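In: Next input, structure requested:
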Amino acid sequence: MTLLITILAGERPPNGFLERTVIWVLKIIGHLYGLIQTSRAYLYKKAIIKTYAPPCAVVSVGNITAGGTGKTPTVIWLAKYFQSRGRKVGVVSRGYRQHSKDPVTVVADPKQLLLTPPQAADEAVLIAKKLPGVTVITGPNRQKTIKVATQDYGCNIVIMDDAFQHMQVKRQLDLVLLDCNYPFSNGNILPGGLLRESPQALNRCDGIILTRADNHDKLQASKEMLKLVAPNIPICHAIHKKTGWLKLVNNGADSSSTLSLDELKEIPVLAFCGIAKPEAFRNTLETTSLSVIAFETFTDHHVFTENTIDQIIEHAVSLNAQAVVCTEKDMVKITEKEYALPIYALSMELFFPNISPWLQHKLDLI
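Out: Predicted structure coming up:
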């Protein structure tokens with residue numbers, strides 16, 4: 001399965017008759033799925049399917065590929081932006097793989113974090129921890145979650161996470177994120193690739209943000225590709241900036257302490273993650289001063305039980321590691337207790353080298 005994912009993501013071409021045949025069959029299925037998505041978008045565009053107009057401003061953050069493009073850091077950046085301007089911000093999302101089956105799950109209100117994984121989705125909890133004072137709500141029906149955010153918590157702006165394909169809700173700003181390294185995966189629609197819909201769907205968004213845009217050549221190549229697909233859609237780029245290490249505090253309290261990037265300099269560590277693009281985390285760790293002696297990967301949104309963490313720690317001890325490191329999304333799922341080794345998460349934030357005038361203008365209008 002891992003080998004197939006690398007092909008779907010566009011990281012390598014299929015090799016041999018079997019791989020090429022499998023991808024060919026999946027590509028045909030994906031083409032049919034793409035036609036369904038295109039037809040659905042047309043029905044919304046012509047108002048044949050009705051949309052909900054919320055009583056507040058709405059900003060949508062989404063993508064056209066499955067997997068990580070940096071939506072969570074972007075949602076956090078936007079929420080902080082509007083918070084700093086005195087807005088009452090709400091964040092709503094699907095709540096993927098959370099245990100709560102309630103139609104509306106309030107993960108955090110303006111006063112406190114109310115739920116943790118697995119009852120609440122890991123990304124929603126991470127957003128809530130990063131954004132004190134912001135209301136975070138999950139649920140399959142965006143109309144219901146927005147109504148709770150506005151009516152019960154007084155939110156006057158809502159950020160919808162992972163909502164480009166959720167056309168049921170009208171929005172003032174529709175942003176699509178693309179990973180600068182593999183913007184269209186292998187160019188095929190699910191299940192033949194990682195595209196959720198055709199790249200031409202980008203023409204219905206208000207703007208594109210190319211994330212992980214550290215490489216100038218790849219950035220320019222992505223921009224040229226987008227000019228062919230969506231020539232009238234403005235583009236800007238951002239990077240994921242390392243800000244420090246968060247230490248899991250082993251006292252049972254819901255708290256963490258922050259260390260500078262240099263405080264873990266050259267110590268041997270075991271790294272692990274359960275995210276959509278583990279290679280992105282691995283590559284980021286290579287830019288730190290850590291000595292990564294082992295790297296373990298799990299499926300995206302993996303539930304880390306105490307037993308799993310104990311096994312990871314045991315492996316790390318056997319390798320003479322002095323610490324264990326993971327992503328922030330992984331850390332929110334780890335039970336805080338006394339472990340044999342300290343656990344750290346690499347704190348990251350979205351950073352715009354220069355905010356494009358078009359994006360600044362659109363934000364100012366909301």
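
In: what's around Asp152, how many residues?
Out: Counted with other C-beta atoms under 10 Å, the burial measure for Asp152 works out to 14 neighbours. Any C-beta I mention is one placed from the backbone N, CA and C, and that applies to glycine too.

In: How about the backbone phi and psi for it?
Out: Backbone dihedrals for Asp152, given as degrees, to the nearest 10, come out at phi -90, psi -30.

In: hey, which helix or strand in this protein has the poorest pLDDT?
Out: The least trusted helix or strand in the chain, going by mean pLDDT, DSSP states H and E, turns out to be strand 256-259, with a mean of 73.

In: Tell me the helices and strands packed up against that one.
Out: Applying 3 or more C-beta pairs under 8 Å, 6 or more residues apart in numbering; DSSP states H and E, we find strand 256-259 packed against strand 239-248, strand 343-351.

In: okay, those, which one's buried deepest?
Out: For these, average neighbour numbers computed from mean count of other C-beta atoms under 10 Å are highest in strand 343-351, which has a mean of 21.

In: How is this structure divided into domains?
Out: The record's domain split for the chain, according to automatic domain parsing, is 57-239+352-365, 241-349.

In: Show me what the helix or strand just after the least confident helix or strand of the chain pairs with in its sheet, parallel or antiparallel.
Out: The helix or strand immediately downstream of strand 256-259 is strand 268-273, counting by DSSP states H and E. Partner strands and pairing direction for strand 268-273 (DSSP bridges) are strand 291-297 (parallel), strand 323-327 (parallel).

In: what's next to whichever helix or strand comes after strand 268-273, contact-wise?
Out: Secondary structure here is assigned by DSSP H and E; on that basis, the next helix or strand after strand 268-273 toward the C-terminus is helix 278-285. Residues external to helix 278-285 that are found in contact with it (C-beta atoms under 8 Å, 6 or more residues apart in numbering): 11, 68, 212, 240, 242, 271, 273, 275, 292, 295, 297, 325, 327, 346, 348.

In: again, 6 Å this time
Out: Under the criterion C-beta atoms under 6 Å, 6 or more residues apart in numbering, residues Ala271, Cys273, Val292, Phe295, Thr297, Thr327 lie in contact with helix 278-285.

In: Narrow the residues you listed to just the buried residues.
Out: Restricting those to buried positions leaves Ala271, Cys273, Phe295, Thr297, Thr327, with burial counted as 16 or more other C-beta atoms under 10 Å.

In: Quickly check those residues for the two that are furthest apart.
Out: Taking C-beta to C-beta as the measure, those reach their widest spread between Phe295 and Thr327, a distance of 12.2 Å.

In: To what extent is the closest residue to Asp300 other than its chain neighbours buried, counted in neighbours?
Out: On the basis of C-beta to C-beta, 6 or more residues apart in numbering, the spatially nearest residue to Asp300 that is not a chain neighbour turns out to be Ala276, at 4.5 Å. Applying other C-beta under 10 Å, we find 18 residues neighbouring Ala276.

In: same deal with Ser84?
Out: The criterion is other C-beta under 10 Å. On that basis, Ser84 has 8 neighbouring residues.

In: list the buried ones in the lengthiest helix in the chain?
Out: The longest helix of the chain (DSSP state H) is helix 16-45. Using 16+ other C-beta under 10 Å as the burial criterion, the residues of helix 16-45 that qualify are Val22, Ile23, Leu26, Lys27, Gly30, Tyr33, Gly34, Gln37, Ala41.

In: Alright, I will stop here.
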